[in-house]
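>>> have a look at this fold, sequence not included:
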DNA sequence: TTGTACGCGTTATCAA
DNA sequence: TTGATAACGCGTACAA
């Protein structure tokens, strides 16, 4: 029925322990028996039982990718999908086993459930996507001493058990805004910030303020909560006043642009993220493009470093200030 | 160190088997000991070891969600993300454990690797997303007698071990095209079909042909391979000739529309899928909206039926012929 | 209703 | 370099 290591051992005329050694590439095995074992493995079509292995070795190559996603706005599903694809590429290369978890799409998920889920599988290393100041579960994981983690987009959470990885949001916002804003106290910049509980919100806000110090324009900050609709409304309210509208996300920038169109006025705008929707609705706006796939990919590699006992670190990935045209997203 | 079932047994003054029975909600346990055991569990913060459980019971609640995705076109990442979110909602409700696999983003993935991956985890039930006629791995899984599967969007693959689930692509295409095409032999319809190796391609093509029989227009079918760029090129070539352009996907419809804009002519268009991008670039086109989240959700429930020994079946989910406006995707 | 004892498939220790 | 053998933590006949 089910082929086990015993069957292989019998077939190859060796002990089970020898088979195990061969399969784990231990050196203390003669070439002759090695071949004999591998032949038997091939012949019997033997497939190791990962549960038995995990139980016996007390090791599991499982890691968790934990997402806090917004399942309302499908236009940005792209971001999480790219995270996932990049991360899975890395787990495949590193022979790690990703357990994907969406903590917010499932009601009644509390820290105990999550902890239980992870520990029952022997998972002690996790990657956190979409953390914010109110995301108690994720913060608990970071604070706990049971898990080591890599946090995406919240460099401030760096500590002895937590590596961080993200682009430099501060300078990203600074650079992209620099493309559109104008110097001088008489110039008005409307900045549509993200949500107050977002860590990147603070970083990006600091970016526009850094530019303000340099360019000395008049800055009005409004929190549009990463909402396109709110950005639209706020732009209708303050767009007339502004010379330039800088947004902390592409979606908000598109909302702002839509408002301007409806108001029939023109203002320079810029976004943040570099999602492909910008190629359709972005009207050649500048944006700060993040490579989400690469971020997911690197996050796994950083986690692997932690698994291998390395110390936590803060990783900064490059961004690109670009304008996405229709031709760029066309396939 | 690690709290096991033995520790709980000791604490509660019962045998390990009793603890096991309590945790599995077996009836043959007195209320008194039940409480004593649960108290001990809570007090010791006991967490079951899923590997040990799987090994001992020879059962695993693991299923696999296998995706064949196109990782070039991020505009439609939304579709797979919605599948995933819906599927995960269901697995959470059913206490199943999803293993997510992207077979095409990882090079050198052959059937043996995949089979090995699945069987090593005791996975015998899988859901297949994105199958097409050339997707050998998935077809092998369907044909093998080792796995039972639910296939999304390929009703034709239905058999004794394979349930299928999808909207009625034929009538979906029929209905949406009906909104825009015009009766009469002198009327010209350009139909931008999908890829020839896609199962839905055939179904949707049959849909437009059904309508042709009824409306008697002149039909020109061109395969745009689900590519926006190809749709754009083909529309430039045949758009002038056509009175109406029907596309087998939203992305192609958007490409066609873009071509028309560049050609500075107007033709009625329709798409298929109902992705949110249509709210931005769709110019009020009609489309056949699929509820991808619901499809993912239902697919898991169907798989659960197979797990519970039910017979395979063909499930058809409803579609909606709508026109997506900007307001619809705005949050 | 409860407990004993064995088996699940693999790994690891230790002796040969 | 190899082979017994004892864990790993849990489930489940079967006996009590």
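Noted; the coordinates are in hand. Small disclaimer: the values here were computed from a predicted structure and weren't measured. Numbers count the residues shown, from 1 in each chain, chains lettered A, B, ... in the order given.

>>> only C-alpha atoms for contact and neighbour calcs from this point on.
Noted.

>>> just name the shakiest helix or strand of chain A by mean pLDDT.
Taking mean pLDDT, DSSP states H and E as the measure, the helix or strand of chain A with the lowest value is helix A:326-329, at a mean of 86.

>>> going by neighbour count, list what's buried in that one.
Neighbour counts using 16 or more other C-alpha atoms under 10 Å in any protein chain shown place A:326, A:329 of helix A:326-329 among the buried residues.

>>> ok, and what's touching it?
Here helix A:326-329 makes contact (C-alpha atoms under 8 Å, 6 or more residues apart in numbering or on different chains) with A:276, A:279, A:280, B:73, B:75.

>>> for residue A:85, helix, strand, or coil?
When the structure is reduced to helix, strand and coil (DSSP: H, G, I helix; E, B strand; the rest coil), residue A:85 reads as helix.

>>> so how far is chain B from it?
Distance check for residue A:85 against chain B: by C-alpha to the nearest C-alpha, to the nearest Å, it reads 8 Å.

>>> skipping adjacent residues, who's closest to that residue in space?
The shortest distance from residue A:85 to any residue that is not its chain neighbour, by C-alpha to C-alpha, 6 or more residues apart in numbering or on different chains, is 6.3 Å, and that residue is residue A:293.

>>> following element in sequence after the one helix or strand the one you found maps to, please.
When elements are defined using DSSP states H and E, residue A:293 is found to belong to helix A:292-307. The helix or strand immediately downstream of helix A:292-307 is strand A:314-317, counting by DSSP H and E.

>>> mean confidence score for that next one?
What strand A:314-317 shows for mean pLDDT is 98.

>>> and that strand, which residues are buried?
Under the neighbour-count criterion of 16+ other C-alpha under 10 Å, strand A:314-317 has A:314, A:315 buried.

>>> and the contacts of the very next helix or strand once past that strand?
From strand A:314-317 onward toward the C-terminus, using DSSP H and E, the following helix or strand is strand A:320-323. Residues lying outside strand A:320-323 but in contact with it, judged by C-alpha under 8 Å, 6+ apart, are A:172, A:175, A:176, A:284, A:285, A:286, A:287, A:288, A:289, A:290.

>>> does stretch A:44-57 reach DNA strand D?
Yes - in this structure, stretch A:44-57 sits against DNA strand D according to C-alpha under 7 Å from any atom of the strand; the contacting residues are A:52, A:55, A:56, A:57.

>>> show me the shaky parts of the stretch 51-200 of chain A.
In the predicted model of the stretch 51-200 of chain A, no residue satisfies pLDDT under 70.

>>> let me see the contact set for the residue nearest to residue A:85.
When the contact criterion is C-alpha under 8 Å, 6+ apart, the partners of residue A:293 are A:82, A:83, A:84, A:85, A:86, A:87.

>>> if we go to 10 Å?
Contact partners of residue A:293, counting by C-alpha atoms under 10 Å, 6 or more residues apart in numbering or on different chains, are A:78-89, A:299.

>>> neighbours around residue A:301, how many?
Here the neighbour count serves as a burial measure; for residue A:301 (other C-alpha atoms under 10 Å in any protein chain shown) it reads 18.

>>> which pLDDT value goes with it?
If you check residue A:301, the pLDDT there is 98.

>>> can you tell me how far the closest residue to residue A:252 other than its chain neighbours sits from DNA strand D?
Spatially, and ignoring its direct neighbours in sequence, residue A:252 is nearest to residue A:228 (4.4 Å; C-alpha to C-alpha, 6+ apart). Per C-alpha to the nearest atom of the strand, to the nearest Å, residue A:228 is found 48 Å from DNA strand D.

>>> residue of the stretch 51-200 of chain A with the smallest distance to DNA strand D?
When C-alpha to the nearest atom of the strand is the measure, the stretch 51-200 of chain A has its nearest residue to DNA strand D at residue A:56, with 3.0 Å between them.

>>> and the residues of stretch A:44-57 next to DNA strand D, which is closest to residue A:68?
Comparing the residues of stretch A:44-57 next to DNA strand D against residue A:68 with C-alpha to C-alpha places residue A:55 closest, at 30.3 Å.

>>> need the contact list for the closest one.
By C-alpha under 10 Å, 6+ apart, the residues touching residue A:55 are A:122, B:49, B:50, B:51, B:52, B:53, B:54, B:55.

>>> give me the buried positions along the host helix or strand of it.
In this assignment (DSSP H and E), residue A:55 forms part of helix A:50-57. Taking 16+ other C-alpha under 10 Å as the basis for neighbour counts, the residues of helix A:50-57 that come out buried are A:50, A:51, A:52, A:54, A:55.

>>> and those, which two are furthest apart?
A:50 and A:55 (8.4 Å).

>>> okay, and the common contacts of these two?
Taking C-alpha under 10 Å, 6+ apart as the criterion, residue A:50 and residue A:55 both touch B:51, B:54, B:55.
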